[in-house]
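Here is my input, please return the structure:
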Amino acid sequence: MSAGSRFRAPLDTAPVNVRVKLALLWAATMFCYVYGDYFELYVPGKLQEMIGGQLAFGPATQGALVGTSLLLIVPALMVVFTVLLAPRACRLANIVLGVFYALVMAMAVQGAWYFYKLFGAVEIALTLSIAWQAWRWPRRAAEQRP
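The predicted structure is shown next:
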């Protein structure tokens, strides 16, 4: 360590735009969904259930698979929509969907293996963080009139 390196200026703490925070939280949530579901394949008997056409909540019908697909497409699209939607629509969507997906995961982890409960806890924390960040969305300062 050189003598000059001890006296460097502190790192800048530039604020992160709320849209960037929300998009990153959705992306992290999606990674947890993917890894949790992947690791679930190692649960004994899981592959046999899949081969037998069984989902966690019943038979793997076309409708059930479309519904499950929609359930996972929405958070994936929220990564993009969080950046592209108008602020009011974006805020509302993030609050509603953040709470909704936290509730879905709270129901999904009932009776699950510990690793899945761990992923579920992280996913609940992430989606509630999404709702909280959107709730606290900064307001633009009122423009001053002359």
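
At the geometric centre of the protein, which residue sits there?
Most central residue of the chain, judged by C-alpha distance to the mean C-alpha position with Cα atoms, centre = their mean, is Thr29 at 2.9 Å.

which residues sit in contact with that residue?
With contacts defined as Cβ atoms under 8 Å, 6 or more residues apart in numbering, the neighbours of Thr29 are Pro75, Tyr101, Glu123, Leu126, Thr127, Ile130. The C-beta positions use only the backbone N, C-alpha and C, and glycine is treated the same way.

Closest one to Asn94 out of those, please.
When those are compared for distance to Asn94 (Cβ to Cβ), Ile130 wins out at 5.4 Å.

Kindly provide the distance from the closest residue in space to Thr29 that isn't next to it in sequence to Ala60.
Once its chain neighbours are removed from consideration, Thr29 has its nearest residue in Leu126; the separation is 4.5 Å (Cβ to Cβ, 6 or more residues apart in numbering). Computed as Cβ to Cβ, to the nearest Å, the Leu126 to Ala60 distance reads 27 Å.

Contact partners for Cys90?
Contact partners of Cys90, counting by Cβ under 8 Å, 6+ apart, are Arg19, Leu22, Phe81, Thr82, Ala134.

got the phi/psi numbers for Leu55?
As for Leu55, its main-chain torsions (degrees, to the nearest 10) stand at phi -100, psi 170.
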